[in-house]
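Engineer: Give me the fold of what follows.
(one chain, ligands or ions: 2)
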Amino acid sequence: DTVILSKMLFPLLINFFMAVICYIITVRLIPRLKEKFIKANLFGIDFSKTTSDKVPESLGVVTGCTFLITMFLFIPVPFGNNLLEKGTFPQDEFVKFIAALLSICCMLLLGFADDVLDVPWRHKLLLPTVASLPLLMVYYVSFNTTTIIVPKPLRDILGTSVDIGLIYYVYMGMLAVFCTNAINILAGVNGLEVGQSVVIGISIIIFNLIELSGNLWKAHQFSLYFMMPYIAASLALLKHNWYPSSVFVGDTFCYFSGMTFAVVGILGHFSKTTLLFFIPQIFNFLYSAPQLFKLIPCPRHRLPKFNSKIDKIGCSTTIFKYSELNTLGKLVFKLFKSFRLIQWEEKGDVIVTNNFTLINLVLIYFGPLHEAKLASFLICIQIVCSVVAFIIRYPFAWVFYDV
Ligand code: UD1
Ligand code: MG
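Structural biologist: Ligands and ions are numbered 1, 2, ... in the order given. Next up, the predicted model:
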């Protein structure tokens, strides 16, 4: 028992200390590299400030790199003992580790390419799919379990478990696409992209720590190896990205984060629980869908609108002619209107509504708000949703499953 305990805790302890060092290095590195990013034409203008200074963008690539370096240096810790004793090397676990890093690394590269080259939207969907292929391959080789346990109420029809085969792989690929893009479209307020990612990351860590005492502890230990340095590197970025932002995170960071969550969820066998921590993102995605799929016109930027007179942020709008919407568009508009999900103004045929994002929805009911307050508010929503996720995962799960 003590052997298992030390095998479980010792690498985690080392990982934790390496994460702390990772934080210290990243937090110092970011301000030093700022000028270089501006010189390389990687900058953005903060739409919610009165000044139009250049703010270095895509600093997520620094976070990603310090994370990867920490992970590379960490590899000998869990696998070192086996290197000395010949013939005991756990090839399959090592492959999992390397494939996970490969997928994350791949996504970091593709995210950075997106920041530099501005990839069109449909390609943004393709990138994470491609980056998740190595992962799915490893999943195929090492687990290849595609059976899902059927919830109790449906067992009379479907039996206790069903093998959904290929669909399971499609689902995992889509998980990667969802996680990466969902964070990217809940954005536009200083500190929000990193803030929400940190909350999701910490929720996953808490979940892993709870599950560490169960018999699947290895999967959760594996997840913790990734999540602790991830949180460390992200907190360092948050420090510089919080209001007033001195750096922007770029799509690089959103993709890197989303992929890291997808990777630990898939290889740690808790992808459904991972999704539970994405409640605000799922809502924001569904709410955004009419604009994402062009039923309602979608401007290039949907981030909320800054009012310099009162130094507060209000919702941003989109303008269109009702008669130019297609049937589905008209239906969505009516539906959102009747559920008070939007604020709208009609002048004859011309309609002005808020852009369909969770941020704007919050602003309709509670706005206008100061930028830092808005970011804190949205992060609080994320935290509350994580609490709800834990309630669904633990006390409620017995309603649907035998746990
Ligand atoms: C996504 C959103 C877009 C939103 C943008 C803001 C969708 C489909 N896309 O696009 O609506 O406007 O993110 O991040 O929902 N910026 C700020 N303050 C911030 C963060 C960003 O002003 O706190 C501005 C900066 O000019 C920055 C730019 O947003 O340069 C970054 O936008 P980018 O990440 O390229 O936009 P998308 O991810 O394509
Ligand atoms: Mg973005």
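Engineer: Distance check, whichever residue of the stretch 251-400 of the chain sits closest to ligand 2 against Leu59.
Structural biologist: Minimum separation of the stretch 251-400 of the chain from ligand 2 (C-beta to the ion) falls at Asp251, amounting to 4.3 Å. C-betas here are computed from N, CA, C, even on glycine. Distance of Asp251 to Leu59, given as C-beta to C-beta, to the nearest Å: 12 Å.
Engineer: again, but for Phe222
Structural biologist: 28 Å.
Engineer: In terms of packing, which of those two has more residues around it?
Structural biologist: Neighbours per residue (other C-beta atoms under 10 Å) separate Phe222 from Leu59, with Leu59 holding more: 30 against 21.
Engineer: ok, that one touching Leu237?
Structural biologist: Yes. Using C-beta atoms under 8 Å, Leu59 makes contact with Leu237 at a distance of 6.3 Å.
Engineer: shared neighbours, the two?
Structural biologist: 30, 247, 249, 253 (C-beta atoms under 8 Å, 6 or more residues apart in numbering).
Engineer: tally of neighbours for the closest residue to Phe253 other than its chain neighbours?
Structural biologist: Nearest non-adjacent residue to Phe253, counting by C-beta to C-beta, 6 or more residues apart in numbering: Gly60, 2.5 Å away. Neighbour count for Gly60, taken as other C-beta under 10 Å: 30.
Engineer: got it, and Phe278?
Structural biologist: 26.
Engineer: Next one: Leu192 from Gly64, what distance?
Structural biologist: 19 Å.
Engineer: actually Cys106, not the one I wrote
Structural biologist: Counting by C-beta to C-beta - Cys106 and Gly64 are separated by 11 Å.
Engineer: helix or strand for the closest residue to ligand 1 within the chain, which one?
Structural biologist: Nearest residue of the chain to ligand 1 (C-beta to the nearest ligand atom) works out as Gly44 at 2.0 Å. Using DSSP states H and E, Gly44 maps to strand 43-45.
Engineer: Tell me which other helices or strands the next helix or strand after that strand touches.
Structural biologist: Going down the chain from strand 43-45, the next helix or strand is strand 54-56, by DSSP H and E. Where contact means 3 or more C-beta pairs under 8 Å, 6 or more residues apart in numbering; DSSP states H and E, strand 54-56 is packed against helix 2-39, strand 43-45.
Engineer: Could you work out the end-to-end span of stretch 271-284 for me?
Structural biologist: For stretch 271-284, the separation between the terminal residues is 19 Å (C-alpha to C-alpha, to the nearest Å).
Engineer: And stretch 312-332, by the same measure?
Structural biologist: For stretch 312-332, the end-to-end distance is 30 Å (C-alpha to C-alpha).
Engineer: Show me how far it is from its chain's centre.
Structural biologist: 27 Å (C-alpha atoms, centre = their mean, to the nearest Å).
Engineer: among the helices and strands of the chain, which one scores worst on average pLDDT?
Structural biologist: Here the helix or strand of the chain ranked lowest by mean pLDDT, DSSP states H and E is helix 397-400, holding a mean of 76.
Engineer: related to what we said a few turns ago, tally of neighbours for the residue of the stretch 251-400 of the chain closest to ligand 2?
Structural biologist: With other C-beta under 10 Å as criterion, Asp251 counts 28.
Engineer: From Ser316, how far out is it?
Structural biologist: Counting by C-beta to C-beta, the gap from Asp251 to Ser316 is 20 Å.
Engineer: what's the answer for Ala375, then?
Structural biologist: Where Ser316 is concerned, Ala375 sits at a distance of 16 Å (C-beta to C-beta).
Engineer: neighbour-wise, which of the two wins?
Structural biologist: When neighbours are counted by other C-beta under 10 Å, Ala375 and Ser316 differ, and Ala375 comes out ahead with 24 against 20.
Engineer: Any part of the strand holding Gly44 near ligand 2?
Structural biologist: No. Shown here: strand 43-45 not in contact with ligand 2 (C-beta under 5 Å from the ion), separated by at least 9.6 Å.
Engineer: on that earlier part again, so Cys106 and Gly64 - more neighbours on which side?
Structural biologist: For Cys106 versus Gly64, the count of surrounding residues by other C-beta under 10 Å is larger for Gly64: 29 against 20.
Engineer: Tell me which helix or strand that one sits in.
Structural biologist: Using DSSP H and E, Gly64 falls within helix 60-74.
Engineer: Next up, the contacts around the residue of the stretch 51-200 of the chain found nearest ligand 2.
Structural biologist: Closest approach between the stretch 51-200 of the chain and ligand 2, counting by C-beta to the ion: Asn184, at 4.5 Å. By C-beta under 8 Å, 6+ apart, the contact set of Asn184 is 124, 193, 251, 254-255, 258.
Engineer: you'd agree it is in a helix?
Structural biologist: Yes. Assignment of Asn184 by DSSP: H, G, I helix; E, B strand; the rest coil places it within a helix.
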